[in-house]
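Asks: model this:
(2 chains)
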Amino acid sequence: MLILNIWPAKIIQIFFIWALFHHLMAGLRHLLLDLQIGNDLILARFSSKTVIFVSFLLTTIIAYWL
Amino acid sequence: MNIKLFKEPFGGMTQWVYQRFTAVFMVIYLLIMIALILSHPVFTYSTWVSTFDNPWVRFGTLIFFYVMFFHAWIGMLHITEDYIKWFAIRRAINFCFLVMIVLQILILSFYLIQIGVVDA
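Replies: Purely as a prediction, here's the structure:
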């Protein structure tokens, strides 16, 4: 559809894709924390940074493909 | 596990369990759908048609959306519980969210029946 290909629409799409990936990655992190994996402070901080990084990376890959 | 935690009808522990189970279901659904769609050589309209030809995909998609609305509603309950101190206003907002989600589920069901993803 043409209206999905204009740049403001793509920015909105990329924003929601980022929101989905960030929520997904953070949710997986919380599932691991509930299983007592990575509860120690250094690992928890590392995994929180990893969540931000990986969600940006996946969003970039999808954004190229859009 | 302390069974007393589950005594309350829809208490924190019950919400926690529902939130995790729906999350795991949605992750598995997304992984399967990504694999199914990527298994096609080209990505066109016919990809969607042949993917949704499978009744398990249709049923799974329907359950996915119901589960997603339920997950979102529990998330909204947690947000209002954290940020809205006044009990009556919190209950009113929670009720508004419940109405919204029930309406969304009804609209989605009618839409899926209309476009033929789910048989009435």
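Asks: Give me the longest helix you can find in chain A.
Replies: helix A:7-34 (DSSP state H).
Asks: same for that one, what does it pack against?
Replies: helix A:41-65, helix B:12-38 (3 or more Cβ pairs under 8 Å, 6 or more residues apart in numbering or on different chains; DSSP states H and E). All C-beta spots, glycine's among them, are computed from the backbone N, C-alpha and C.
Asks: residues near the spatially closest residue to A:Ile52 that is not a sequence neighbour, how many?
Replies: The shortest distance from A:Ile52 to any non-neighbouring residue, by Cβ to Cβ, 6 or more residues apart in numbering or on different chains, is to A:His22 (7.4 Å). A:His22 has 17 neighbours, counted by other Cβ atoms under 10 Å in any protein chain shown.
Asks: quick one: A:His22 and A:Phe53 touch, right?
Replies: No. Using Cβ atoms under 8 Å, A:His22 is not in contact with A:Phe53; the gap is 10.7 Å.
Asks: any residues in contact with both of those two?
Replies: Both A:His22 and A:Phe53 lack any common contact, where contact means Cβ atoms under 8 Å, 6 or more residues apart in numbering or on different chains.
Asks: Looking at chain B, which residue is nearest chain A?
Replies: Residue of chain B nearest chain A, by Cβ to the nearest Cβ: B:Ala23 (5.3 Å).
Asks: Check the spacing between that residue and B:Leu98 real quick.
Replies: Distance, B:Ala23 to B:Leu98, using Cβ to Cβ, to the nearest Å: 20 Å.
Asks: cool, B:His71 as well?
Replies: For B:His71 relative to B:Leu98 (Cβ to Cβ), the value is 14 Å.
Asks: returning to what we had before: tell me the contacts of the residue of chain B closest to chain A?
Replies: A:27, A:31, B:71.
Asks: 6 Å instead, please
Replies: By Cβ atoms under 6 Å, 6 or more residues apart in numbering or on different chains, the residues touching B:Ala23 are A:Gly27.
Asks: okay, it: pLDDT?
Replies: B:Ala23 is assigned a predicted lDDT (pLDDT) of 96.
Asks: Could you list the low-confidence segments of the chain?
Replies: Using chain A. Chain A contains residues with pLDDT under 70 at A:1.
Asks: right idea, wrong chain: chain B
Replies: Applying pLDDT under 70 to chain B flags residues B:1-9, B:117-120.
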